[in-house]
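Visitor: Using only what follows, build the 3D model:
(chains A and B)
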Amino acid sequence: MRTSKPNSWTFCLAAFVTIAVALSGRLAGQTAAVKSFDGSSAFGTQWSVQVERIDPGQLDLAHSFQVAIYENFLDELNKTKRFKYVFREGDSRASEIPDLLILKTMVVKYTPGSETQRAVTTVSGATKLAVRSQLVTRDGRIVLERTVNGNVRFFGSNLRVTHNLARNIAKAIKQSNVAMVRASYRDTQQPTLNAGGTQ
Amino acid sequence: MYRLFVLRNDKSGCSGGRPLISLWALVLCSGIGALAQSPAAQLNANAPFSVRATHVLGLPNTKNNSNGTLSIQNNALRFQKHGNPDAQVNIASVRALFLGEESKQVGGLPVKLGKAAAPYGGGRVVSLFAHKKYDTLTLEYVDSDGGVHGAIFEVTKGQGEVVRNELVARGVSSSFGEDQATKQSTSEVTHANK
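Guide: Below you'll find the predicted structure:
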């Protein structure tokens, strides 16, 4: 009886250590995998991107919203660190960059909401925005196309929808492997990928 | 005012000078008005102008949603957050200017927490009244490389028009922006009413 208790403790400890070591190894593997996916520099070059102003299409979208979407895009794209340079529309420096993508955005759906209505009713008054974004090369080939939504349902001002939208687009770009597209595009010189999924 | 004048004159017995005095008073008043107006108009074109504003987004090296003072000095639009160095935009680089209207809840986080804590949905009733209308001023300007920037400011209702007029008086091209601003202002009100 006396000897069995320490033995069971030893056994538990050994099992715990084994599990911990196994898990840490697995985690390390995962990190490495994520790193290799994220490291677009492995392909030698990185895209730069130029963000164009928002096209409101046929919708009557306030100019404050258009400007807010544009500015938030720039912020969020900078945060992704997927692009070597992020240029604004009209920036003369962009013409000197060889690997340049142009981000075109068109508003496809806009539901104006009200912050007061949201605060009073909780269930109504949401501000919703849907845009179609395209990453296009200089010669007009579409590298990536996504329709992304943004909305404010509970808290925050109406303009917050633009922040949420920009974050979702940046996430979509991050999830798609633009670096891979770059490599295959360079190899084949064909319109290689139209990742036209709808989110 | 004229009537008092006239009554006094009536008491003094000079009834014949009544139209003359009225005319004199009229000329005097209009003269004073003209004197008061012309220097003010001259001052408006050059004098520094400032209003309290909230920088929503867009200005470089300035935190979003920060309160400060929006001023126009020496052909530059400046935003200064209290105690911080100001961010400025050259008025000549402003390409478009839009005026809009927005309604938002006031009080920030403390009021929000209070409303959430109020029993029997009392917070909702507070929300019904705790909102305020603001003017939004949207600028589009270009930097030295030609890149397009946008900046949004919130000012007290009625002040947006004043800032816009000041900028127009200082040479901001308003042919495009004003038309759009009117249209946008209307559309935003329509949206708010929906």
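Visitor: And the helices in chain B, which stretches?
Guide: B:2-12, B:18-46, B:108-117, B:122-129, B:159-169, B:175-193 (DSSP state H).
Visitor: Chain A now?
Guide: A:4-38, A:63-80, A:115-121, A:160-175, A:178-188.
Visitor: on that earlier part again, which one of the helices of chain B has the lowest average pLDDT?
Guide: Averaging pLDDT over each of these singles out helix B:175-193 as the lowest, with a mean of 41.
Visitor: What is the burial count for the closest residue to A:Gly125 other than its chain neighbours?
Guide: Counting by CB to CB, 6 or more residues apart in numbering or on different chains, A:Gln117 is the residue found nearest to A:Gly125 once chain neighbours are left out, at 2.9 Å. Backbone N, C-alpha and C define where each C-beta goes, glycine included. With neighbours defined by other CB atoms under 10 Å in any protein chain shown, the count for A:Gln117 comes to 20.
Visitor: The one 3 residues further on too?
Guide: Close neighbours of A:Val120, defined as other CB under 10 Å, add up to 19.
Visitor: And for B:Val126?
Guide: B:Val126 has 17 nearby residues by other CB under 10 Å.
Visitor: thinking it is in contact with B:Val111, fair?
Guide: Yes: with the criterion set as CB atoms under 8 Å, B:Val126 and B:Val111 qualify as a contacting pair; they are 7.5 Å apart.
Visitor: Could you give the number of residues near the closest residue to B:Arg170 other than its chain neighbours?
Guide: Nearest residue to B:Arg170 in three dimensions, chain neighbours excluded: B:Ile91, at 5.4 Å (CB to CB, 6+ apart). Other residues lying near B:Ile91 total 18 when counted by other CB under 10 Å.
Visitor: Check A:Ser176 too.
Guide: Residues lying near A:Ser176 (other CB under 10 Å) number 19.
Visitor: pretty sure it contacts A:Ser133?
Guide: No: taking contacts as CB under 8 Å, A:Ser176 lies outside contact range of A:Ser133: 11.1 Å.
Visitor: Identify the contacts common to these two.
Guide: Each of A:144, A:146 lies in contact with both A:Ser176 and A:Ser133 under the rule CB atoms under 8 Å, 6 or more residues apart in numbering or on different chains.
Visitor: Skipping adjacent residues, who's closest to A:Gly156 in space?
Guide: A:Gly156 sits nearest to A:Glu115 (CB to CB, 6+ apart), 7.6 Å away.
Visitor: need the contact list for the one you found.
Guide: By CB under 8 Å, 6+ apart, the contact list for A:Glu115 reads A:125, A:156-158, B:103-105, B:131.
Visitor: got the buried residues for stretch B:122-131?
Guide: B:123, B:126-127, B:130-131 (16 or more other CB atoms under 10 Å in any protein chain shown).
Visitor: Which per-residue confidence value corresponds to residue 194?
Guide: Using chain A. On pLDDT, A:Asn194 comes in at 35.
Visitor: ah, no, chain B please
Guide: At B:Lys194 the predicted local distance difference test score is 40.
Visitor: Kindly provide the distance from the residue nearest to A:Gly156 to B:Gly100.
Guide: When distances are taken as CB to CB, to the nearest Å, A:Glu115 and B:Gly100 turn out to be 15 Å apart.
Visitor: Kindly report the same for A:Lys84.
Guide: Noted for A:Lys84: a distance of 36 Å to B:Gly100, by CB to CB.
Visitor: How about B:Leu139?
Guide: Between B:Leu139 and B:Gly100 the distance is 12 Å, computed by CB to CB.
Visitor: which one is B:Ala151 nearest to, not counting chain neighbours?
Guide: On the basis of CB to CB, 6+ apart, the spatially nearest residue to B:Ala151 that is not a chain neighbour turns out to be B:Gly58, at 3.2 Å.
Visitor: Next, count neighbours for that neighbour.
Guide: If we define neighbours as other CB under 10 Å, then B:Gly58 has 25 of them.
Visitor: isn't it right up against B:Tyr141?
Guide: No: because the distance of 9.1 Å does not satisfy CB under 8 Å, B:Gly58 is recorded as not touching B:Tyr141.
Visitor: rewinding a little: residues touching the residue nearest to B:Arg170, list them.
Guide: Residues counted as contacts of B:Ile91 (CB under 8 Å, 6+ apart) are B:72, B:75-77, B:167, B:170-172.
Visitor: A:Lys84 and B:Gly100: which has the busier surroundings?
Guide: B:Gly100 (24 against 15).
Visitor: who are the neighbours in contact with the closest residue to that one other than its chain neighbours?
Guide: The shortest distance from B:Gly100 to any residue that is not its chain neighbour, by CB to CB, 6+ apart, is 4.3 Å, and that residue is B:Thr136. With CB under 8 Å, 6+ apart as the criterion, the residues that contact B:Thr136 are A:64, B:56, B:99-102, B:152-154, B:160.
Visitor: Cross these against strands and list the overlap.
Guide: Judged by DSSP state E, the subset of those located in strands is B:56, B:99-102, B:152-154.
Visitor: Quick check: residues of chain A near chain B?
Guide: Within chain A, the positions near chain B by CB under 8 Å from any CB of the partner chain are A:53, A:60, A:62-64, A:66-68, A:70-72, A:87-93, A:112, A:114-116, A:119-121, A:155, A:157-159.
Visitor: now these: which count as buried?
Guide: For the residues of chain A next to chain B, a burial check counting by 16+ other CB under 10 Å picks out A:53, A:62-64, A:66-68, A:70-72, A:87-91, A:112, A:114-116, A:119-120, A:157-159.
Visitor: What is the burial count for B:Gly171?
Guide: Should you count by other CB under 10 Å, B:Gly171 turns out to have 11 residues around it.
Visitor: Pop out the phi and psi values for it.
Guide: With angles defined as degrees, to the nearest 10, B:Gly171 sits at phi 110, psi 10.
Visitor: Spatially nearest residue to it (excluding sequence neighbours)?
Guide: With CB to CB, 6+ apart as the measure, B:Ile91 is the residue that lies nearest to B:Gly171, at 6.3 Å, once sequence neighbours are left out.
Visitor: I'd like to know how far the one you found sits from B:Arg52.
Guide: From B:Ile91 over to B:Arg52 the distance is 20 Å, taken as CB to CB.
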